[in-house]
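Enquirer: Sequence below, structure please.
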Amino acid sequence: MRCFYHPTTDAVAICKNCYRGLCSSCAVDVANGMACRDRCESEVQALDRLVQSNKTYASKSAGIYIRSGVIVILLGLLLATWGVASKLWVMAAMGAIAVIGGLVQIASGRRYTGGR
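Expert: Purely as a prediction, here's the structure:
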């Protein structure tokens, strides 16, 4: 591959923003990627900030999913117990469905954390 800006020079990197081949004089290292010097540096920095904020939000979302799943399970168990004690089988079934829903919600949260 050749440099986009210097077609006679071999490329040593690819811009993380525009995906053009870059020679050593056109490439600049921007934290987690290479960018076109004086052209794409701010865009690559913005991409890196976006990736980092998404990692943070995914981690926070996982905690919310897991905590709310536990609450739904506890409420489902309460509802199911009340339904069985009162012989209200529809209520007991709704409680069981809520427990299953809470388990699914916890599993979704664990997917955000990579199964931890």
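Enquirer: and the residue most central in space within the chain, how far is that from Y112?
Expert: Nearest residue to the geometric centre of the chain (CA atoms, centre = their mean): A58, 4.3 Å. Using CB to CB, to the nearest Å, A58 is found at 5 Å from Y112. Bear in mind the C-beta positions are built from the backbone N, C-alpha and C, glycine included.
Enquirer: for I73, same thing?
Expert: I73 is 18 Å from Y112, where distance means CB to CB.
Enquirer: for this structure, what spans make up the helices?
Expert: With helices called from DSSP state H, the chain shows them at 41-86, 89-112.
Enquirer: Which one of the ones you listed lies nearest to N17?
Expert: Among the helices of the chain, the nearest to N17 by CB to CB is helix 41-86 (4.2 Å).
Enquirer: angle of the closest one against helix 89-112?
Expert: Computed by axes from the mean of the first three to the mean of the last three CA atoms, to 10 degrees, the angle separating helix 41-86 from helix 89-112 equals 160 degrees.
Enquirer: Remind me what helix 41-86 packs against, helices and strands.
Expert: If you count contacts as 3 or more CB pairs under 8 Å, 6 or more residues apart in numbering; DSSP states H and E, helix 41-86 packs onto strand 27-30, strand 33-36, helix 89-112.
Enquirer: what about it, distance to the chain center?
Expert: Put simply, helix 41-86 sits 11 Å off its chain's centre (CA atoms, centre = their mean, to the nearest Å).
Enquirer: just stretch 82-100 next, same as before
Expert: Taking CA atoms, centre = their mean, one finds the center of stretch 82-100 at 35 Å from the center of the full chain.
Enquirer: Can you pull out the low-pLDDT segments for the chain?
Expert: Applying pLDDT under 70 to the chain flags the ranges 113-116.
Enquirer: switch to 80 and redo it
Expert: Low-confidence segments of the chain (pLDDT under 80): 58-59, 112-116.
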